[in-house]
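Enquirer: compute the structure for the input listed below.
(one chain, ligands or ions: 1)
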Amino acid sequence: MKKNHKYIFVIGGVMSGVGKGIASSSIGKILQSKGFKVNPVKVDPYLNVDAGNMNPTEHGEVFVLDSGLETDQDMGNYERFLEMDLESEDYMTSGMIYKHVIDKERNLGYRGKCVEAIPHITEEIITRWKKSAETHGSDISLIEIGGTIGDYQNILFIEAARTLKIKHPQDVMFIMVSYLPVPGSLGEMKTRPTQNAVRQLNSYGVQPDVIIARGPHTLDIKRKEKIAIACALLTENVISAPDIESIYDVPLNFERDRISSVLLKTLHMRTKAHNGELEEWKKFVEKRTKAKKQLKIAVVGKYFDTGDYTLSDAYVSVIEAIKFSSYWKDTNTKLTWINSKDFETNPKKIEELKNYDGIIVPGGFGESGIEGVIMTIEYARKNKVPYLGLCYGMQLAVVEFCRNVIGWKDANTAEINSKGTHTVIDIMEHQKKLLEEGRYGATMRLGAYPAILKSGSIVQNAYGSKEVSERHRHRYEVNPKYVKEIEEAGMVFSGTSPDGKLMEYAELPKATHPFFVGTQAHPEFKARPLHPHPLFTAFVEACLKTPTSSQSHPLK
Ligand code: GLN
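Expert: Numbering: from 1, shown residues only. A predicted model of the protein is given here:
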């Protein structure tokens, strides 16, 4: 590890959901622009060993790393803002730490000592933080401690951070992301909850160096001074973080309050280099506001309530991937979430899909709403609406093709029915065993796998290369038994695992459909603001070309 390696801890005050993840990501972006190498770390204080078994509609998307670790959606924000691939060391939960310490104790790893929360858990936490810094060879670790000040669950992480501060007073700093509510009857931002949160943090032996004050409005100087005096820090160390339209504006907004000079001063550092990162970022942010075209895309799945309500947490990576590709094509895309069950109860409703320039079926699990999804795919195929199927969206596109083009009426995925004569999507043998043993956690095909693409295919043209790597999270695969017959009937498996056994991409030839592509992977996990994902970009381009395209109605 580098000498004088720096640590910035980000802790939430007052309430959850104040945007610690976006604040940390934005700080990381700003530090990168000053020439520093940063490594973000997300600490989730819950007892789950990873995020894999958590319900996405309640807890948000499960974000998968190259390594296959299933993590919190904040890791996606870090990867997107910082344009880097994160490692397993960059994510931790209390469950993961406790499990390690308890397993070590069972194996006599503590040589007869009494094993205690302090110091053994806190030491293990610090070891992991150091490992993350070492893995990236970074200058600064940016560690977001999940939860809110006052939770029982995150106390040991705050204690570990406090210990580090005592050992390295010049190299460790604390940022509290707080919230200033505006009671309806008063109409002004109130500072008291923030003051109380700082007092509580003080009671753990920690003093924040910076307070990021989230709230509906920009913080005026009077309130900044009030917070500064009450919480014992300099007025310039209180940063205003008003609600804004796009999360990608946050780094630029923080810099309006000159957060970088506060951070560098606190950590006894000097700017390394101005590398223009924020200039590039600014260009990207402007793309959003200057977009001249618009698209309407339907996202059809089983979890959704129909309407403008966005499942923004459960499918955040898909949403962002579409945004990036759209912005760089001077387009704003409106996603509409459609509950596939609506088509099952009212088949006529399928006609409403004519109002969209493209259709996405994202990943998912289980049986409900699946027939409605298959109806959607049939509509997209027959009406030549650009279609992008992500994971389940590819599997069900294969099922639809087998049923309605080949005529295997009982074609299905084993996830729904494995008793029919045409189980065209099947479970892998070793996956079957795991399920029989009732082992669910971290047992799917997870993480980055390479694929070889067919020359001249839509996907190969989109990626511009023959070999690609994407992240996976699924149990089922195209059944190799049927590949030949499906291809003879006209669907092309345009990307496979290097040994040719696993079907990674399926598409319809360009001559028969403008854009009909499915992938077994989750390419959305690799989309970045400054490097939009080529497959999403190809899809957006195809949507812009369709006759249904609302580009003929440019934004006012
Ligand atoms: N349910 C499917 C499987 O497990 C697809 C999973 C997904 O879409 N991520 O294979």
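
Enquirer: next one, pLDDT for residue 320 please.
Expert: Per-residue confidence (pLDDT) for residue 320: 96.

Enquirer: I should have written residue 276 there, sorry.
Expert: Looking at residue 276, its pLDDT is 76.

Enquirer: report how many residues lie close to it.
Expert: The number of residues packed near residue 276 is 10, by other CB atoms under 10 Å. Every C-beta, even on glycine, is put in place using the N, C-alpha and C of the backbone.

Enquirer: now do the contacts for it.
Expert: By CB atoms under 8 Å, 6 or more residues apart in numbering, the residues touching residue 276 are residue 33.

Enquirer: let's go with 10 Å and repeat that
Expert: For residue 276, the contacting residues are 33, 282, by CB atoms under 10 Å, 6 or more residues apart in numbering.

Enquirer: in the stretch 201-350 of the chain, what residue comes closest to the ligand?
Expert: Residue nearest to the ligand within the stretch 201-350 of the chain: residue 301 (9.7 Å; CB to the nearest ligand atom).

Enquirer: doesn't residue 391 make contact with that residue?
Expert: No: the pair residue 301 / residue 391 is not scored as a contact, 11.2 Å apart, by CB atoms under 10 Å.

Enquirer: using the three-state scheme, assign residue 211.
Expert: State at residue 211, reduced to three classes by DSSP: H, G, I helix; E, B strand; the rest coil: strand.

Enquirer: I figured it was touching residue 233, is that so?
Expert: Yes: with contact defined as CB under 10 Å, residue 211 reaches residue 233; the gap is 6.8 Å.

Enquirer: quick one, which of those two is more surrounded?
Expert: Using other CB under 10 Å as the criterion, residue 211 and residue 233 rank with residue 211 on top: 27 against 20.

Enquirer: show me what contacts the more buried one?
Expert: Contact partners of residue 211, counting by CB under 10 Å, 6+ apart, are 13, 174-178, 191, 194-195, 197-198, 219, 224, 227-228, 231, 233, 237-239, 241.

Enquirer: cool, residue 254 as well?
Expert: Contacts of residue 254 by CB under 10 Å, 6+ apart are 23, 26-27, 29-30, 212, 239-241, 260, 262-263.

Enquirer: and the furthest pair within those?
Expert: Distance extremes for the contacts of residue 254: the farthest pair is 29 and 240 at 17.7 Å, using CB to CB.

Enquirer: okay, the two: which has more neighbours?
Expert: Neighbour tally, residue 29 and residue 240, criterion other CB under 10 Å: the higher count belongs to residue 29, 25 against 21.

Enquirer: how close does the closest residue to that one other than its chain neighbours get to residue 319?
Expert: Among residues not flanking residue 29 along the chain, residue 251 sits closest, at 4.5 Å (CB to CB, 6 or more residues apart in numbering). Remark: distance between residue 251 and residue 319 (CB to CB, to the nearest Å) = 19 Å.

Enquirer: if you count surrounding residues, which of these two has more?
Expert: Neighbour totals were compared for residue 251 and residue 319, and residue 251 leads with 27 against 20 (other CB under 10 Å).

Enquirer: buried set for the helix or strand where the more buried one lies?
Expert: In the assignment (DSSP states H and E), residue 251 maps to helix 250-256. Neighbour-count burial for helix 250-256 flags 250-255 (criterion: 16 or more other CB atoms under 10 Å).

Enquirer: next one: stretch 333-347
Expert: Quick answer for stretch 333-347 (16+ other CB under 10 Å): 333-344.

Enquirer: filter those down to the ones in helices?
Expert: Among those, the members falling in helices (DSSP state H) are 341-344.

Enquirer: closest to residue 69 among the residues you listed?
Expert: residue 341 (32.5 Å).

Enquirer: which residue sits closest to the closest one, ignoring its sequence neighbours?
Expert: Per CB to CB, 6+ apart, closest to residue 341 is residue 369, 4.6 Å.

Enquirer: the stretch 301-450 of the chain against the ligand: which residues are in contact?
Expert: Within the stretch 301-450 of the chain, the residues that sit near the ligand (CB under 6 Å from any ligand atom) are 363-365, 391-392, 415.

Enquirer: residues contacting the spatially most central residue of the chain?
Expert: Most central in the chain under CA atoms, centre = their mean is residue 76, positioned 3.1 Å from the mean C-alpha point. Residues counted as contacts of residue 76 (CB under 10 Å, 6+ apart) are 21, 25, 60-65, 86, 316-317, 320, 524-525, 527.

Enquirer: which parts of the chain sit against the ligand?
Expert: 363-365, 391-392, 415, 473-476.

Enquirer: in strands only, show me those residues.
Expert: With DSSP state E as the criterion, strands contain 473-474, 476 from among the residues of the chain next to the ligand.

Enquirer: how about the residues you listed in TSV, adding distance to residue 295?
Expert: Formatted as TSV, those follow (distance: CB to CB, whole Å):
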residue	distance to residue 295
473	27
474	28
476	31
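
Enquirer: quick one: the strands in the stretch 1-150 of the chain, in order.
Expert: Per DSSP state E, counting those that start in this stretch, the stretch 1-150 of the chain carries strands over the ranges 6-12, 38-44, 63-64, 70-71, 91-93, 140-148.

Enquirer: which among these is found nearest to residue 164?
Expert: Closest among the strands of the stretch 1-150 of the chain, using CB to CB: strand 6-12, at 6.0 Å.

Enquirer: circling back to that earlier point, a markdown table for the strands of the stretch 1-150 of the chain, including mean pLDDT and mean neighbour count?
Expert: Below are the strands of the stretch 1-150 of the chain laid out as a markdown table (pLDDT from 0 to 100; neighbours: other CB atoms under 10 Å):
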| stretch | mean pLDDT | mean neighbour count |
| --- | --- | --- |
| strand 6-12 | 97 | 26 |
| strand 38-44 | 97 | 27 |
| strand 63-64 | 96 | 26 |
| strand 70-71 | 96 | 24 |
| strand 91-93 | 97 | 25 |
| strand 140-148 | 96 | 24 |
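
Enquirer: what segments of the stretch 451-556 of the chain are strands?
Expert: 467-474, 476-478, 492-496, 503-507, 516-519.

Enquirer: do you know how far the nearest residue to residue 172 once chain neighbours are set aside is from the ligand?
Expert: Nearest residue to residue 172 in three dimensions, chain neighbours excluded: residue 165, at 4.1 Å (CB to CB, 6+ apart). In this structure, residue 165 and the ligand are 41 Å apart, going by CB to the nearest ligand atom, to the nearest Å.

Enquirer: when you give positions from now on, start the count at 21
Expert: From this message on, residue numbering opens at 21, which makes the last subject residue 185.

Enquirer: distance of residue 185 relative to residue 225?
Expert: From residue 185 to residue 225 the distance is 9 Å (CB to CB).

Enquirer: same question for residue 413.
Expert: In terms of CB to CB, residue 413 sits 50 Å off from residue 225.

Enquirer: name the residue in those two with the higher neighbour count.
Expert: Neighbour count, other CB under 10 Å: between residue 413 and residue 225, residue 413 has more, with 26 against 12.

Enquirer: who's in contact with the more buried one?
Expert: With CB under 10 Å, 6+ apart, residue 413 has these contacts: 319-321, 379-384, 393, 396-397, 407, 537-540.

Enquirer: restricted to helices, list those residues.
Expert: 393, 396-397.

Enquirer: who is the closest residue to residue 512 other than its chain neighbours paired with across the strands?
Expert: Closest residue to residue 512 apart from its sequence neighbours, by CB to CB, 6+ apart: residue 527 at 5.3 Å. Residue 527 forms beta bridges with residue 512, residue 537, as assigned by DSSP bridges.

Enquirer: many thanks, we can stop here.
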